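Engineer: sequence and predicted structure below; questions after.
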Protein chains: 2
Amino acid sequence: MESFDYELMATDGNARAGVFHTPHGDLLTPIFAPVGTQATVKAVTPAQLEELDASLVLANTYHLYLRPGADLVAEMGGLHAFMQWHRPMLTDSGGFQVFSLAAMRKIDEDGVTFKSHIDGSLHRFTPEKSIQIQELLGADIIMAFDECAPPYDRAYNERALERTHAWAERCLKAKTRADQALFGIVQGGVFPDLRERSAQFIASLNFPGHAIGGLSVGETKAEMHAMLEIVNGILPTNKPRYLMGVGSPEDLVEGIARGVDIFDCVLPTRLARHSAAMTFTGRLNLMNAVFARDPRPIDETCTCYTCRTFSRAYLRHLIVAKEMLASTLISIHNIHTLLTLVRRARQAILEKRFNDFREEFLSNYHPCGKHTRNPEERG
Amino acid sequence: MESFDYELMATDGNARAGVFHTPHGDLLTPIFAPVGTQATVKAVTPAQLEELDASLVLANTYHLYLRPGADLVAEMGGLHAFMQWHRPMLTDSGGFQVFSLAAMRKIDEDGVTFKSHIDGSLHRFTPEKSIQIQELLGADIIMAFDECAPPYDRAYNERALERTHAWAERCLKAKTRADQALFGIVQGGVFPDLRERSAQFIASLNFPGHAIGGLSVGETKAEMHAMLEIVNGILPTNKPRYLMGVGSPEDLVEGIARGVDIFDCVLPTRLARHSAAMTFTGRLNLMNAVFARDPRPIDETCTCYTCRTFSRAYLRHLIVAKEMLASTLISIHNIHTLLTLVRRARQAILEKRFNDFREEFLSNYHPCGKHTRNPEERG
């Protein structure tokens, strides 16, 4: 197969199992990508990521552009060589971070002028500039420069959608490298007609893959699901679909159920740094005193290094003692949980039992909030 | 061989190569022990330590007594099981940390009352209590409770030595576990006659090993060397000698030259967290802008994971971006450097060329201070 061909291997309802070919290896979809914002998945070595059998890793264009600079990364051989991750990589466009700067950025039809969060220095991103930076970084999958508007502001979403569409065309024109796949991004907030219009327009541009942006940014789960159904009903089935920035276990399962192939999120590593372990039944706050003398691993069914090796009592000690190793060990476990979840979902799709898998998962899973511990741990 | 037998395999001048047998494996001396103060070598997993082929790891009684508590560690199966380090371990007595609390502790002939640095709560260590805690922790080598006095205060050193000697006898009486070796500690500041008296007294108590305390605490290198020569001239040759808290490369080589077998120090991991890489020619401050585009590893002759994998440019980026991975990768390298140094010293002793080894090492090595970079890096 050619690079960036997507083979759809099986469907089960709207859920899909496939293979996306990239210059650094195949992605077996559905897939979850850990995030390495600054060219490192926080607290985890590439060797540990390989042991977890992670395949796709995301890095952030905005952060790497500011520090250490895209030219430096290019001079060091590109992102793969720089961070020593030899499997597929994806960079975002920088748009989401820049628009998140709020008062520190100014948008016009041509691009965005913004101040660095590091030193306040003035910078400008345009679609062409974003592509140029992403070509210097050298990920396998790069993203169109888009505008992610507040989900409930219709007027803003209409204006942003026009820009996002015009910028998608400019990104396609600006792209020069044949060894990178540029994905277009569908926006439109929580508005069905805007999502429909955006999916149709983006699908018409013949990108090798499509992303769905502007979800998991404050809307309800029901709204997210409705938007996914509209968009994936329009996007072609012969190309991968990437739901950006989504990574809670229930969102992965519900996204896969609605035809999503690729996910990324900082959640597993960010939660790890805040003492929370992700399991198939919910989150454990390992800081909790109930774990102080608990000899069991985080999850007795888990095969990750952390669960094969360490007790909850030890992990809690590391957290209370503010030891860095806690972040490393819980990150390894959390990434393992999400990678295992999408692998099991894929297997279920291949075996045409995805709906049972989903039902069973959702009936056992207690999302964060009230249920932060395993049921067995409660009262 | 029995546990805690020491076999002297070769000598070269005063330098010694030997094997010390422990219940968790043999220590090939001279040896360097990384420090895992709170039951973790900071930022490094046990799997990474095994890959480095570290053998002895030290943990701190004072810290573990306060958090998570020695009873909890015992309930979890002891330190080896708790932190999942299955090779030999050593605990200190807690004395050094308690005496370092200055205004927060009060010494009498029976022991020390002190306030916790964590919450100010009141505690008391006696020789018997220190042994009891160390028996709960369960390291292979445990240490007598001693008093480390300011090196130049003769009157203080005389009083402290009396206590240290009386406490050494009490520790021997208090000890109950046959699977732990209790080492006695020689004190005496920078005073030759006190060191001589202490070495003679401690040697008379028939410990299975001896430690030299109160060095590298403010005295000059010449004074440290002189004290080592006096003490090791008295301590029996058929038992291991442990120089406590010493770990700079030049101090290891000079200690080995004077008959020391075991070293420990936080230096490699502490320096790593402050961006300093240890090499056989000196330290590199990897924060330095000169490394921003340097594609070389820290040390082109080094075989550690960090040097096999990552550039100085990448490590500097991680440091500047305040990424935890920097501490992990530089700690791995620094520990590897010291383990390699003592292994090379051992080989040189076995081959009766230690003096050449020492001369060559010292002529290439530029200690910290003026020389923080490789000569090749300089202007």
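Structural biologist: That came through fine.

Engineer: in stretch A:108-120, which residues are buried?
Structural biologist: A:111-115 (16 or more other Cβ atoms under 10 Å in any protein chain shown). (C-beta placed from N, C-alpha, C; glycine too.)

Engineer: try stretch A:338-358
Structural biologist: Taking 16+ other Cβ under 10 Å as the criterion, stretch A:338-358 shows A:338-342, A:345-346, A:348-349, A:354, A:357-358 as buried.

Engineer: show me where the stretch 151-300 of chain A has strands.
Structural biologist: A:181-186, A:209-212, A:241-243, A:262-265, A:276-279, A:282-285 (DSSP state E, counting those that start in this stretch).

Engineer: the closest residue to A:Ser248 other than its chain neighbours - how many residues pack around it?
Structural biologist: Nearest residue to A:Ser248 in three dimensions, chain neighbours excluded: A:Leu267, at 6.1 Å (Cβ to Cβ, 6 or more residues apart in numbering or on different chains). A:Leu267: 25 surrounding residues under other Cβ atoms under 10 Å in any protein chain shown.

Engineer: nearest to B:Tyr242, out of the strands of the stretch 151-300 of chain A?
Structural biologist: When the strands of the stretch 151-300 of chain A are compared by Cβ to Cβ, strand A:276-279 sits nearest B:Tyr242, at 38.7 Å.

Engineer: among the buried residues of stretch A:108-120, which one sits closest to A:Glu223?
Structural biologist: Lowest distance from A:Glu223 to the buried residues of stretch A:108-120 (Cβ to Cβ) belongs to A:Val112, with 26.3 Å.

Engineer: so how far is chain B from the closest one?
Structural biologist: Distance, A:Val112 to chain B, by Cβ to the nearest Cβ, to the nearest Å: 23 Å.

Engineer: touching, that residue and A:Met104? I think so.
Structural biologist: No. Assessed by Cβ atoms under 8 Å, A:Val112 is found out of contact with A:Met104, at 10.4 Å.

Engineer: returning to that earlier point: dump the buried residues of stretch A:338-358 to CSV, plus distance to chain B and secondary structure.
Structural biologist: Listed next are the buried residues of stretch A:338-358 as CSV, based on distance: Cβ to the nearest Cβ, whole Å; DSSP: H, G, I helix; E, B strand; the rest coil:
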residue, distance to chain B, secondary structure
A:Leu338, 20, helix
A:Leu339, 19, helix
A:Thr340, 20, helix
A:Leu341, 24, helix
A:Val342, 24, helix
A:Ala345, 29, helix
A:Arg346, 28, helix
A:Ala348, 32, helix
A:Ile349, 34, helix
A:Phe354, 35, helix
A:Phe357, 32, helix
A:Arg358, 35, helix
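
Engineer: any chance of the residues you listed in CSV, with pLDDT too?
Structural biologist: CSV is the format used below for the buried residues of stretch A:338-358 (pLDDT from 0 to 100):
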residue, pLDDT
A:Leu338, 98
A:Leu339, 98
A:Thr340, 98
A:Leu341, 98
A:Val342, 98
A:Ala345, 98
A:Arg346, 98
A:Ala348, 98
A:Ile349, 98
A:Phe354, 98
A:Phe357, 98
A:Arg358, 98
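
Engineer: contacts only, for A:Thr301.
Structural biologist: A:Phe280 (Cβ atoms under 8 Å, 6 or more residues apart in numbering or on different chains).

Engineer: against A:Asn364, how distant is it?
Structural biologist: In this view, A:Thr301 and A:Asn364 are 12 Å apart by Cβ to Cβ, to the nearest Å.

Engineer: need the residues touching each of the two.
Structural biologist: Counting by Cβ under 8 Å, 6+ apart, the residues touching both A:Thr301 and A:Asn364 are A:Phe280.

Engineer: distance check, the residue nearest to A:Ser248 against chain B.
Structural biologist: A:Leu267 sits 17 Å away from chain B, going by Cβ to the nearest Cβ.

Engineer: check contacts around that residue.
Structural biologist: Counted by Cβ under 8 Å, 6+ apart, A:Leu267 has contacts A:247-248, A:278, A:334.

Engineer: and which of these is nearest to chain B?
Structural biologist: Using Cβ to the nearest Cβ, A:Asn334 is the member of those that lies nearest chain B, at 15.1 Å.

Engineer: over to that closest one: give its phi and psi.
Structural biologist: Taking degrees, to the nearest 10, you get phi -70, psi -40 for the backbone angles of A:Asn334.

Engineer: burial count for it?
Structural biologist: Using other Cβ under 10 Å: A:Asn334 sits among 26 other residues.

Engineer: got a list of what the residue nearest to it when sequence neighbours are not counted touches?
Structural biologist: Counting by Cβ to Cβ, 6+ apart, A:Asn334 lies nearest to A:Pro268, which is 3.4 Å off, once chain neighbours are set aside. Contacts for A:Pro268 (Cβ under 8 Å, 6+ apart) come out as A:34, A:247, A:278, A:331, A:334-335, A:337-338.
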